[in-house]
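> predicted coordinates and the sequence they were generated for:
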Amino acid sequence: MCNAHRPTDTPSNNGRRDFLRLTTLGASALMLAGALPSGMVQAAPVPKAANKLDPQQALERLMEGNQRYAAGVKRRHDFMHEREALVGGQNPFVAVLSCADSRIAPEYAFDTGRGDLFAVRVAGNFVTDDGLASLEYAVAVLGTPLIMVLGHDSCGAVAAGVKAVKDNARFPGKIQGLADAIKPSVTKVLKAPGNVLDNAIAQNVIDTVARLKTESSLLADALTTGTLQIVGGVYRLDSGKVELIG
């Protein structure tokens, strides 16, 4: 679990800033600087030129894909040639932090092909250390210009958080950790008008977006330079539509 505030400018954080700046110099510069092992560096040219987008273009493309999915009119993806193009690397145009719920498949919900969407999934779509590291990798190494935090209706993990707050419920095994992680968002909306679960689902997305913006100096620097945008959305199970929030 990440700290509740943005790290101060320690030598390690300065190093991450240097690393982010180095990524603009290309793969050879990164290897020469020793910032990354050669096996981690994105090769050039990028395998999918259409994925070289600025953050706003990436968001527009993402939401257009969701509109197609919701309407039941999806593009035909040439998976055979995509496999060939992606053998040497990847340059996804979006990273999605979403719930592990089997009803939510981000690649389908946004009508994306292989190599387009970098998926990080955990029940409750909240920030963990490993998840944050994965998102940092997508932005710093793969050049991904957009992160979306995606919640959804009837989320069981958020429902567990609601029960933990309202009824002091306890859950077996590591499930309690999921509930505990979401309790702060539940507490914020406990007395708000409307359905508590729906409000908590939205608040959890809003809080997760805020954490990504403040708890990683690497992501914060990318936001400052305009190479990254972080947004939140809620997937509607009945329609398949994603509503942007926050």
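Received it, and whenever you're ready, just let me know what you need.

> show the residue spans covered by the strands in this protein.
Secondary structure of the chain by DSSP state E: the strands cover 94-98, 117-121, 146-152, 229-235, 242-245.

> got a markdown table for those, with distance to residue 80 and mean pLDDT too?
To be clear about C-beta, it is placed using only N, CA and C from the backbone, and glycine gets the same treatment. Below are these laid out as a markdown table (distance: least, C-beta to C-beta, whole Å; pLDDT from 0 to 100):
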| stretch | distance to residue 80 | mean pLDDT |
| --- | --- | --- |
| strand 94-98 | 23 | 98 |
| strand 117-121 | 19 | 98 |
| strand 146-152 | 27 | 98 |
| strand 229-235 | 29 | 98 |
| strand 242-245 | 29 | 97 |
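
> so which of those strands comes closest to residue 55?
Of all the strands of the chain, it is strand 229-235 that lies closest to residue 55, at 3.5 Å by C-beta to C-beta.

> returning to that earlier point: dump the strands of the chain to TSV, plus distance to residue 139 and mean neighbour count.
Formatted as TSV, the strands of the chain follow (distance: least, C-beta to C-beta, whole Å; neighbours: other C-beta atoms under 10 Å):
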stretch	distance to residue 139	mean neighbour count
strand 94-98	7	26
strand 117-121	9	20
strand 146-152	7	26
strand 229-235	10	23
strand 242-245	20	17
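
> for those strands, which one sits closest to residue 213?
Closest to residue 213 of the strands of the chain is strand 229-235 (C-beta to C-beta; 5.7 Å).

> count the residues that sit near residue 225.
A count of nearby residues for residue 225, using other C-beta atoms under 10 Å, gives 11.

> and the residue lying farthest from the centre of the chain, backbone torsions?
Taking C-alpha atoms, centre = their mean, the residue of the chain most remote from its mean C-alpha position is residue 167, at 30.7 Å. Dihedral angles of residue 167 (phi, psi; degrees, to the nearest 10) stand at phi -110, psi 0.

> relative to residue 186, how far out is it?
Between residue 167 and residue 186 the distance is 11 Å, computed by C-beta to C-beta, to the nearest Å.

> sounds good, over and out.
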